[in-house]
Every structure is written in structure tokens, then in C-alpha cells.
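J.: make a model of this:
(2 chains)
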Amino acid sequence: MMELLPQALTDGILLGGIYITIAIAFSLTYGVMHVIDFAVGEWIMFGAFTGYYLNKWTGLDPFLFLPVIFVLYFGVGYVIQPVIHRVLSGTKGNPFLMGLVFTFGLAIMFRGLALTAFGFYSNSIPSAFSEGSFNLEPLGLTVTIPTVRLVGLAYALAITLILHYLLKKTNFGLGVRALAQHKDAAGLMGVNSKRTGSYVYGIYVGISAMTGVLLGCILSIGAQMGNEYTIFAFFVVVLAGMGYLAGVPWAALLLGLVQSIFMIYFNPSHTLLAVFAILYIILLISPRGLFGKGV
Amino acid sequence: MKFGFVRVLLLIAALFVAIPAHAEQRNFFKIGVITELSGDLVTGGNITKRGYDLWAQEVNAKGGIEIQGKKYPVKLVYADAQSNPAAGAAAAERLITQEKVDFILGPYSSGVTLAVAPVVDKYKIPMITGSAESPLIWKNKFKYTFGTIPPINFTGATSIKTLTEMKPAPKTIAIIGSNDAFSKATAESYKAAAEKAKLKIVKFSIVPSGQDMTPLLSAVRSMKPDVIAFGGHDEEHVKFVKALKQIGYTPKALLMHCGITDKAFIDAVGKDGEQIFGTTCWTGTAKTKSKVLWPNAAAYAAASQKAFNNPGDYTQGGCSAAGIAFQTALQKIGAKPGMDEATRTKLIAALEQIDVQTFYGRVKFATSGEFYHANVGLDPLTVQIQSGQVKTVGPKASVEAPAIYPMKEWKSR
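T.: I've put the predicted structure just below:
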């Protein structure tokens, strides 16, 4: 069975790539706005269906539409954010809890809306990348890498690097980091918290929607698909440390590897149990995530 | 104050006495439908809804169910089980105690059916599920629950047998099932049939529902099985085919039970769906004859095409057949809407006795043994997707087209 190890590691890393794409922007928006957006899976679902229909109507590869989808959903997020901001800046009750309830409600509403608009069938987004795979033969062992999953990993790394650059090397990023640290102090230093929050939420919704297209090419799409991605986004972000962006790729890769290795070498029916167990153990040892840098 | 409280209690008690436990006067049959209209199993739930709706539509178009010379229309009252057994059980309680339905048309999934069945037993309300197939339902011997689709352990063996008759005969098989009541039972039935057929089982795994199975399939690929058999639901079928294609492994035969017979699956996977085998007990081209509602399978498929732009699959057909079974039993005992407990008990006896030819084939419920109250009147079929159509390729008596074996490689399609 050891001859399967290179394949298990490869599959785990590629699966981790998918988890990065789901969780990275989710982590960003938590870090800045301090809202756990339970609608993350639904933004992914909307993006997937947008890619599906654009491909169906034009016949062009869905990856070509990623920039269009980003711009479109950036706009949607930008417009919606003030509403969430208002819920979160309430002075009565518990605004954090109200934020949770609000996004949970959004998720349910979006699911119902999608069911009405897109129907109940599962579908798939065809892409030129979905067709092939290539083999590597290290030490005489065959390792198959599906092209579309490799594209997914590349996309995940690109998004991570772009976000890293944006946060660390630009004035906008400086404002975002200041806002994440202390909203009032950032405001006193001239950071427009409302507008910056809108940009961040727009970026998050845009990235999530693009991720939907990718997932539609690798896996499948359906009006109810969002829920499972919301759960995984949450796992990854908790494991990485809430709001600690740099931890997301490592947490995602760890989850992917655990899942892959457990599926191959142990009982596949207990895969999720293993994932939960590792999450709990890590949180017991380090409640602020893998690197102890979460909120 | 004390007197007032006692008066309120007396008033409530009087109301309970005044309103009979269940019976209600009305001139139509009020039928509860519990199915998955949201959640992970929303596709299957809506397919069952189509089946029940088409039956109700056809009955009402003919004026209703004729009982002793008078026609009673049917009215369906839906409750969403949300793909969640607990929500299904709560929905059953509501339909029975608040809506006071005459009887129930049951859920899509076996998991929800297993949660609803004890509730209908408790309230003594007859239920027929037009979809659920897990053997567990029938092994529990729920008195008030029936099913029109034969259990998977009744049908699954047929496809394995068909595959063993291919030339050159497959020698090895990998079996994977998703971890829900139906899919697990499907995988187990394939396992039992493969053991009986002396196929070497190189892998048998049950995986959590909805998971990415690529790593597991990579392991399966290294074992080079001739046949891969999978038990799952619609979305998982799509993911499974894509994962196999992505890792570049084409078995000689891929068997995926009955979800593949829906046109939507063929549309979703396109040319990758070609030559996939499935197990079913009905297709739109099945040679059936009936005097109730639709004369044969083709007429039903045409009606479905007209109503939903989809010819319907075995689940949808099973749901419409469930309506016909109730209709036949009601006519047999002359039951009118607003049935009391005694009439509902008679209805159970009538359902146990009916033996009716429908567009779906014969409906005859077993009255004892491991298939208690499941329909054992049908013959299982092995089907294969060929040029975008579902063709029956086994058993020999029902063959529409010869099976294509081995499967064409993914990359040369």
C-alpha cells in the first residue's frame, strides 16, 4: 500500500487547494468585519450557476468568465455590505449574534431563491481543463494529476498571493489591517471603515463566486450545494485561527491531506470523524488555531 | 379565579369531545405528501413530487376517484421533510394531527421514510412511499407503510448477474456506497450479489455522503477492478463519474443503480454518461398494460413529457403507481373521504390484497417475510445509457439492445 503514498499526498494537496479557494476570502471578511458569513456557500453556488449559464449561452470555456464573474459579484457584495454593517453596528442586544442570524437568514433565502430560479437538478460545468490528466512517474510509481484540479490549486495559490500583496504592500491593505486591529482607531487615522468594509466584502463575494465556477468544473453544482462548502470554510478558518489569513493555506492543506490519507489507508466511512478529531485536538491544544494567531 | 380556570379546562375538554379524533366530513380525499423539497435530497424529493402531482392531476382530470358511483377529487397537501429524518417525522405529525389527512404518500429517501413510518403506525394512517428502497424499512414490518419500488436487495442482484454474463466475464469488482440508508443498502446488495456470483471484491467502502471521492478512487484504480459499482444519489453520481474521469480510470463496467435513468443525469454528464449500467424496475419503454389511468409505460412517459418536459424515471413512475395503489384499494372497500380508524384499518387490509396491473407494471405488496409491504410484483431490469437513451440490456427476456462491454475509455470519447 505504500506505493499509493505519493498519489495520496498529491490528492490531499489538490483537495487542500480546493479548500483554500473556499476559505481564504471567508477568513478575510471575518478578520475585517468580524462577521461569520454563513452565506459563503451560497455565494459559491451563485457563482457556479452564473458560470454554468454563461457557458451554456456562449459555448465559451467557463474559466474565461472568471473576471466578469468577479466584477459582477464584487458589485453585489459592495451593495449588500452596508446592510450587514448596519446589523453589526447596532447598539442594542448582541450585534455579533445578530450578524450570525442575519447571514444565516440570507443563506436560507438564497437557497430557496436558487431552487426556484435554477431548478432542483444537479449539473456540471464543462471545461477544456476537465477533460485531461497527466501522469508523473517518480521512482517508478505512477501519480496522476487531473488538470482541472491542478488549475484549482494554481488558482488558490494565485488568490492567496494577490490577497497577501494587497494587504501587505498597498495603502488599501494598510487600511484593511488597521480596521481589523481597531475599528475606532483606524477611523481616527482617516480610514473610511464603511467604504473599506464594502470593498472587502465585495472582494470576498467576488472570490467566492469565482470559486463556484471552479468547483462546478471539478465536482458538480446544484441549488443546495452551498451548505457543505460553508461547513468546510468554517472548519478551515477555525483551524487556521479566526481571521488569520496566512494560516488558511496551511489549515486547508492539512485538512486535504488528512482526508486523503485517511480515505486510502483507514476506513473511508470515518474520514469526517478523523477531520473533526484533529480539529478538536488542535483547538484543545491551541484554541486560537494552528498558529495561535486567530482572534 | 380558581372557578375560572376550571371552566377553561372544562371548555377545552368539551371541545375535544365535540371534535372526533380524526374523521372530518369532506367531499374530496385530502392526501398528505411528505417529501424532500429542500436540502441535499431536493432533486429526488421533487421527482417524487412530480410523480404524485401527475397522478393527482390525471385523477382529477377524470373527475376524481369513483367510489360507489360518486367521484371524489383528490387534494395533495405537501410537507417538506428538508432531507432530514427528524423534520420528516415532525411533518408527518402535523399532516396527521392538524391537516387530518386521509392517508399519506411517502418520502423520497429511505432515511426519512424510516423516521416517518413509526409516526404513521402510531396514528394508524396508511402510507405508501413511491420511492424508498432500503430493506430496513420492510424488515421493521411497519403495519401502515407500503412501497411501490421493490427493495434494493430484491433488485440489485439482477445487474450483477447481467454483468457476469458479459464476454469476457469480469472477475473483479470494487463496490462503494455513500453513507445513507439507501446507498449503503445498495452497496451491500451489490456485495451480496457479487459474492454469490463469485466475483472477487477488491474493495468495499462506505464513504460519508457528499465527499470528494477522488483519493479513494485513486486507491481503487491501483487494484484495477473490472467492475466498479456505486450506490449514491444524483449529485454524487455526477461527482463520481467526473472523479473517475479525472483520475483517468475506465473500468470495463460502471454500475450506478437507478439514479442514472433520469434524463437530467444524462444531460449533466453528457458523453461521459454513455455505457454506464444501472438497475431499475421501470423505464418509459417497459412493456406494461393497464386499465387504470395510463394504458402503458409509453403513455405515462408521454404525459410526463407534456407536463414536465421530462419523460420521468422509475422514481417518478413509482410515485404515480403509489397513487394508483391507494385508488384501487379505496375503490375495493368503498371508502369515502374523512375516513375513521376502522375504515383506515380496512384500507390496510385492502392494500395487502390488491394485485393490480398499472403502467408501472404489477403492484402486489408482500404480506410476510423480509419484503413485508414492499411491492414484489415487478421484475428488476439492468439498463445501460446508449446514445443518450436508457436501454434495457438484461435480463434476457426484457432486452431492448445488446449491452456495450467493455466501456469505451473516457479519453477516447
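J.: run a quick neighbour tally on B:Phe308.
T.: 15 (other CB atoms under 10 Å in any protein chain shown). Where you see a C-beta, it was placed from the backbone N, CA and C, and this is true even at glycine.
J.: distance check, it against chain A.
T.: B:Phe308 sits 11 Å away from chain A, going by CB to the nearest CB, to the nearest Å.
J.: output the below-cut-off pLDDT ranges for the stretch 1-150 of chain B.
T.: B:1-24 (pLDDT under 70).
J.: residue contacts, the closest residue to chain A within it?
T.: Residue of the stretch 1-150 of chain B nearest chain A, by CB to the nearest CB: B:Asn46 (4.3 Å). Taking CB atoms under 8 Å, 6 or more residues apart in numbering or on different chains, we find B:Asn46 in contact with A:120, B:37.
J.: quick check: which element contains it?
T.: Assigned by DSSP states H and E, B:Asn46 belongs to helix B:42-61.
J.: moving C-terminal of that helix, what's the next helix or strand?
T.: strand B:65-67.
J.: pairing partners for that following strand, with directions?
T.: With DSSP bridges as the test, strand B:65-67 is paired with strand B:70-72 (antiparallel).
J.: now the strand it pairs with: buried residues?
T.: Residues of strand B:70-72 classed as buried: B:Tyr72 (neighbour count, 16 or more other CB atoms under 10 Å in any protein chain shown).
J.: what's next to whatever helix or strand B:Ile176 lives in, contact-wise?
T.: B:Ile176 belongs to strand B:172-178 when assigned by DSSP H and E. Strand B:172-178 is contacted by residues B:160, B:183-184, B:186-188, B:190-191, B:194, B:199-210, B:213, B:216, B:220, B:223-233, B:236, B:240, B:251 when judged by CB under 8 Å, 6+ apart.
J.: which of these come close to chain A?
T.: The residues of those that also fall near chain A, by CB under 8 Å from any CB of the partner chain, are B:205-208, B:210, B:213, B:216.
J.: what about those, which are in strands?
T.: B:205-207 (DSSP state E).
J.: would you mind checking those residues for buried ones?
T.: B:205-207.
J.: got those as JSON lines, with distance to A:Ala117 and pLDDT columns?
T.: Formatted as JSON lines, these follow (distance: CB to CB, whole Å; pLDDT from 0 to 100):
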{"residue": "B:Ser205", "distance to A:Ala117": "36", "pLDDT": "93"}
{"residue": "B:Ile206", "distance to A:Ala117": "35", "pLDDT": "93"}
{"residue": "B:Val207", "distance to A:Ala117": "31", "pLDDT": "91"}
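J.: may I see those organised as a markdown table, with distance to A:Ser286 added?
T.: What follows is those, written out as a markdown table (distance: CB to CB, whole Å):
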| residue | distance to A:Ser286 |
| --- | --- |
| B:Ser205 | 33 |
| B:Ile206 | 33 |
| B:Val207 | 30 |
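J.: how about the residues of the stretch 101-250 of chain B by chain A?
T.: B:179, B:205-208, B:210-216, B:218-219, B:221-222, B:234-235, B:237-239, B:242, B:245-248.
J.: which one is A:Tyr78 nearest to, not counting chain neighbours?
T.: Closest residue to A:Tyr78 apart from its sequence neighbours, by CB to CB, 6 or more residues apart in numbering or on different chains: A:Gly202 at 3.8 Å.
J.: local confidence estimate at B:Lys198?
T.: B:Lys198 is assigned 94 on the pLDDT scale.
J.: which SSE is it in?
T.: Secondary structure (DSSP H and E) places B:Lys198 outside all helices and strands.
J.: next, it: phi, psi?
T.: phi 60, psi 30 (degrees, to the nearest 10).
J.: just B:Phe365 next, same as before
T.: Residue torsions, per degrees, to the nearest 10, at B:Phe365 are phi -90, psi 140.
J.: right, and it touches B:Leu378 too?
T.: No. Counting by CB atoms under 8 Å, B:Phe365 does not reach B:Leu378; the two are 11.5 Å apart.
J.: tell me the SS of B:Phe142?
T.: coil (DSSP: H, G, I helix; E, B strand; the rest coil).
J.: wait, doesn't it sit right on B:Ala374?
T.: No. Checked against CB under 8 Å, the pair B:Phe142 and B:Ala374 is beyond contact range at 10.9 Å.
J.: CA atoms of stretch A:133-143 as CSV?
T.: Output of stretch A:133-143 as CSV, limited to C-alpha atoms (Å, rounded to 0.1, in the frame of the first residue of the first chain):
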residue,chain,number,x,y,z
SER,A,133,-5.0,14.5,-16.6
PHE,A,134,-1.3,13.7,-16.8
ASN,A,135,1.0,11.2,-15.1
LEU,A,136,4.2,11.7,-13.2
GLU,A,137,6.4,8.7,-12.5
PRO,A,138,8.6,9.4,-9.6
LEU,A,139,10.7,6.3,-8.5
GLY,A,140,8.7,4.2,-10.9
LEU,A,141,5.4,5.0,-9.1
THR,A,142,2.6,6.5,-11.2
VAL,A,143,1.0,9.7,-9.9
